[in-house]
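Undergrad: this is a predicted model, with the sequence first.
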Amino acid sequence: MSGRRPLVIVGGGAAGLAAALAAAPMPVRLLCRSRRGQGSASALAQGGIAAALGKGDSAAGHAADTMAAGADYNNAALVRWLCTRAYAAIDWLVSLGVTFDRDEYGGLQLGREGGHQAARIVHAGGDATGAEVARAMRRKVQGESRIDYREGVDVDALLLRGNRVCGVRVRGEGGFSEEIEASAVVLATGGIGAAFARTSNPPGADGSGLALGLAAGAVARDLEFVQFHPTALDVDGGHCLPLITEALRGAGARLVDSAGAPLMRDVHAQGDLAPRDVVARCVWQAQREGWGAWLDTREVTGDWTRRFPTVLAACTAHGVDPRHQRIPVTPAAHFHMGGLATDLNGSTTVLGLYAVGEVACNGMHGANRLASNSLLEAILCGQRLGGHLARMPQAQPKGAFRWSRRGNTLPEPRRIELRRLLWEAAGPVREESTLERALQRCAELAGQGWQARLAQPLLEAAQQRRTSLGAHYRLDSTA
Ligand SMILES: Cc1cc2nc3c(=O)[nH]c(=O)nc-3n(C[C@H](O)[C@H](O)[C@H](O)COP(=O)(O)OP(=O)(O)OC[C@H]3O[C@@H](n4cnc5c(N)ncnc54)[C@H](O)[C@@H]3O)c2cc1C
């Protein structure tokens, strides 16, 4: 490495990998907890990446669907930026060696998902898009001499000099600890799904990067907007649940109750492909009323081992053959629209600290993300941020050094309690009394661990927004 302080990127999902590759003319240290590419949400992505490539489709149509799903709360200029660059993102991934699924003429196969008015989801390995994308990006990063890629480590503190972030502390197995000075620090640490009792996210999506940013004084926004996926596999007592991709409903699967009656009939004009928040609430309601919810996939035709190998394997592992049996489903925390407030270059409100991907909130997804827009955002914003930082002159921080620490971890029983609390109070359906009770309990737990301190601003934001909007649904809505 040169004498220049490296750029430190925390997180090895799509956002961190894209940022590292774009910044790579400068020395980069990429640090992540996940190992061999496992443990990031990116590697679990199933449905694919949205891009208006079909006949008659357009970036404007993609943007309109993104705004509609986001309840028009999105930043419209950023939505246009995202949708007009989708083709370039797919092209770039192909150049890295991503093998997308193609038809017999060599054209990209396009799937359909909820909230999209057109078939525009580019996918790989049937429902294994994330694994293929992460594989190719990781291989490219590992071949880059300017990127020092380290897995299996946890960043638990940020170093500040004066008011500028200029380093991190890393912890690893066997008491390993290292302090690294950096030209700038990028948080690409993913979402917060694992903070809830039921999630489609990996266990490491616990919001630790968000907690680090908040501890350093960065401003967060839209924390109340959490997307709940309507169809995770309902494994009794499970926390991190296998996802049952929405593409199955695009291929003809239907949500039904225990009596086989269609759940989405007369609920929304788009039926089973209604926006996720609408479908998730319907499934939640059916569970609460004791009807239960199943995905009837028996009419889905074609070769499951090629079209939906991930779902087939997950269901089979739990004793369900989706070709002949209905799949028990539950809503699960899936994606955080809120996060550390950033501009399009990933700048947070703290000098030297950047955020990108799911941990960041630039307003693109509004109050509810459109399906298959997040890998796209992670890649495009990661590339933009990396390029921006590579061009920036290195700042010379002045003043006293100090550490901003994430702090102690809650003991396991309290973490389980907190997950249940968040699920009940800030899950798909919210109301004042449960939010208030959860906040009181969080205040009691706040001294014991960072997870409770992180839950507080999320619950407060959900309490303060008294009107339902997008994925934030108040049973006691004032409008
Ligand atoms: C099951 C599932 C299916 C999905 N399907 C799709 C889809 O089809 N299309 C789509 O667009 N989106 C999909 N999404 C959403 C999408 O995958 C994520 O929003 C996106 O991949 C987030 O990328 P990221 O790089 O921001 O975070 P991640 O991919 O989650 O990566 C976060 C990284 O940060 C690391 N990390 C976290 N904290 C620390 C720390 N303190 N120290 C060190 N490292 C840390 C983690 O180990 C990981 O490497 C899906 C999500 C899930 C869970």
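TA: Structure received. Residues are numbered from 1 along each chain as shown.
Undergrad: residues contacting the spatially closest residue to residue 68 that is not a sequence neighbour?
TA: Distances taken as C-beta to C-beta, 6 or more residues apart in numbering put residue 115 closest to residue 68, at 7.0 Å, once the chain neighbours are dropped. The C-beta positions use only the backbone N, C-alpha and C, and glycine is treated the same way. For residue 115, the contact set (C-beta atoms under 8 Å, 6 or more residues apart in numbering) comprises 65, 68, 69, 270, 273, 274, 275, 276, 370, 371.
Undergrad: hmm, which of those residues is lowest in pLDDT?
TA: Ranked by pLDDT, the contacts of residue 115 bottom out at residue 275 (81).
Undergrad: turn the contacts of residue 115 into CSV, columns for distance to the ligand, secondary structure and neighbour count.
TA: Compiled in CSV, the contacts of residue 115 are given as follows (distance: C-beta to the nearest ligand atom, whole Å; DSSP: H, G, I helix; E, B strand; the rest coil; neighbours: other C-beta atoms under 10 Å):
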residue, distance to the ligand, secondary structure, neighbour count
65, 14, helix, 24
68, 17, helix, 16
69, 13, helix, 26
270, 18, coil, 15
273, 15, helix, 20
274, 18, coil, 19
275, 15, coil, 24
276, 11, helix, 28
370, 9, coil, 30
371, 7, coil, 28
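Undergrad: closest one of those to residue 150?
TA: Nearest to residue 150 among the contacts of residue 115, counting by C-beta to C-beta, is residue 371 at 32.7 Å.
Undergrad: quick one, what contacts the closest one?
TA: The contact partners of residue 371, taken as C-beta under 8 Å, 6+ apart, are 47, 50, 69, 113, 114, 115, 116, 121, 246, 276.
Undergrad: and if you look at residue 404?
TA: Contacts of residue 404 by C-beta under 8 Å, 6+ apart are 157, 158, 159, 160, 212, 215, 216, 217.
Undergrad: only whichever of those are buried, select them in PyMOL.
TA: Burial among the contacts of residue 404 is assessed by 16 or more other C-beta atoms under 10 Å; the matching PyMOL selection reads:
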select buried, resi 157+158+159+160+212+215+216
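Undergrad: could you dump the contacts of residue 404 into TSV with secondary structure and distance to the ligand added?
TA: Rendered in TSV, the data for these read as follows (DSSP: H, G, I helix; E, B strand; the rest coil; distance: C-beta to the nearest ligand atom, whole Å):
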residue	secondary structure	distance to the ligand
157	strand	10
158	strand	11
159	strand	14
160	strand	17
212	helix	7
215	helix	12
216	coil	13
217	coil	18
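Undergrad: in JSON lines, list the contacts of residue 404 along with distance to residue 198 and pLDDT.
TA: Shown next, in JSON lines, are the contacts of residue 404 (distance: C-beta to C-beta, whole Å; pLDDT from 0 to 100):
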{"residue": "157", "distance to residue 198": "30", "pLDDT": "98"}
{"residue": "158", "distance to residue 198": "31", "pLDDT": "98"}
{"residue": "159", "distance to residue 198": "36", "pLDDT": "98"}
{"residue": "160", "distance to residue 198": "36", "pLDDT": "98"}
{"residue": "212", "distance to residue 198": "25", "pLDDT": "98"}
{"residue": "215", "distance to residue 198": "27", "pLDDT": "97"}
{"residue": "216", "distance to residue 198": "30", "pLDDT": "98"}
{"residue": "217", "distance to residue 198": "32", "pLDDT": "97"}
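Undergrad: stretch 391-406 vs the ligand: in contact?
TA: No: figure legend: stretch 391-406 not in contact with the ligand (C-beta under 6 Å from any ligand atom); closest approach 7.5 Å.
Undergrad: near the ligand, which residues of the stretch 201-350 of the chain?
TA: Applying C-beta under 6 Å from any ligand atom, we find that the stretch 201-350 of the chain lies next to the ligand at 201, 204, 205, 208, 209, 243, 335.
Undergrad: among those, which lie within helices?
TA: 208, 209 (DSSP state H).
Undergrad: tell me the one among the residues of the stretch 201-350 of the chain next to the ligand nearest to residue 147.
TA: Nearest to residue 147 among those, with distances taken as C-beta to C-beta, is residue 209, at 19.2 Å.
Undergrad: which non-adjacent residue is nearest that closest one?
TA: Nearest non-adjacent residue to residue 209 (C-beta to C-beta, 6+ apart): residue 189, at 2.6 Å.
Undergrad: can you name the residues that contact the one you found?
TA: 10, 11, 208, 209, 210, 212, 357, 359.
Undergrad: from residue 308, how far out is it?
TA: 29 Å (C-beta to C-beta, to the nearest Å).
Undergrad: same list, the residues of the stretch 201-350 of the chain next to the ligand, but as CSV with neighbour count please.
TA: Formatted as CSV, those follow (neighbours: other C-beta atoms under 10 Å):
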residue, neighbour count
201, 29
204, 20
205, 30
208, 26
209, 27
243, 23
335, 26
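Undergrad: and the residues of the stretch 201-350 of the chain next to the ligand as JSON lines, adding pLDDT?
TA: Conversion of those to JSON lines gives the following (pLDDT from 0 to 100):
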{"residue": "201", "pLDDT": "97"}
{"residue": "204", "pLDDT": "95"}
{"residue": "205", "pLDDT": "97"}
{"residue": "208", "pLDDT": "97"}
{"residue": "209", "pLDDT": "98"}
{"residue": "243", "pLDDT": "96"}
{"residue": "335", "pLDDT": "98"}
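Undergrad: which of the contacts of residue 371 fall within helices?
TA: Per DSSP H, the subset of the contacts of residue 371 in helices is 69, 276.
Undergrad: ok, of the contacts of residue 371, which come out buried?
TA: Buried among these by 16+ other C-beta under 10 Å: 47, 50, 69, 113, 114, 115, 116, 121, 246, 276.
Undergrad: among these, name the ones in strands.
TA: The members of those that map onto strands under DSSP state E are 50, 121.
Undergrad: state the three-state secondary structure for the residue nearest to residue 142 when sequence neighbours are not counted.
TA: For residue 142, ignoring the flanking residues on the chain, the nearest one in space by C-beta to C-beta, 6+ apart is residue 149 at 5.9 Å. What DSSP: H, G, I helix; E, B strand; the rest coil gives for residue 149 is strand.
Undergrad: how many neighbours does residue 149 have?
TA: 18 (other C-beta atoms under 10 Å).
Undergrad: my read: it touches residue 11, true?
TA: No: under the criterion of C-beta atoms under 8 Å, residue 149 makes no contact with residue 11, lying 11.6 Å away.
Undergrad: give me the pLDDT for the residue in the stretch 301-450 of the chain that the ligand sits nearest to.
TA: For the stretch 301-450 of the chain and the ligand, the shortest gap (C-beta to the nearest ligand atom) falls at residue 357, measuring 2.3 Å. On pLDDT, residue 357 comes in at 98.
Undergrad: let me see the contact set for the residue nearest to residue 142.
TA: Listed by C-beta under 8 Å, 6+ apart, the contact partners of residue 149 are 12, 20, 30, 141, 142.
Undergrad: buried sites along stretch 324-333?
TA: 326, 327, 328, 329, 330, 331, 332, 333.
Undergrad: I'd guessed the last one sits against residue 193; true?
TA: Yes: applying C-beta under 8 Å, one finds residue 333 in contact with residue 193, separated by 4.2 Å.
Undergrad: give the residues shared as contacts by these two.
TA: 199, 200, 201.
Undergrad: what about the closest residue to the ligand within the stretch 101-250 of the chain, helix or strand, and which?
TA: Per C-beta to the nearest ligand atom, residue 190 is where the stretch 101-250 of the chain lies closest to the ligand, at 2.6 Å. Residue 190 belongs to no helix or strand when elements are defined using DSSP states H and E.
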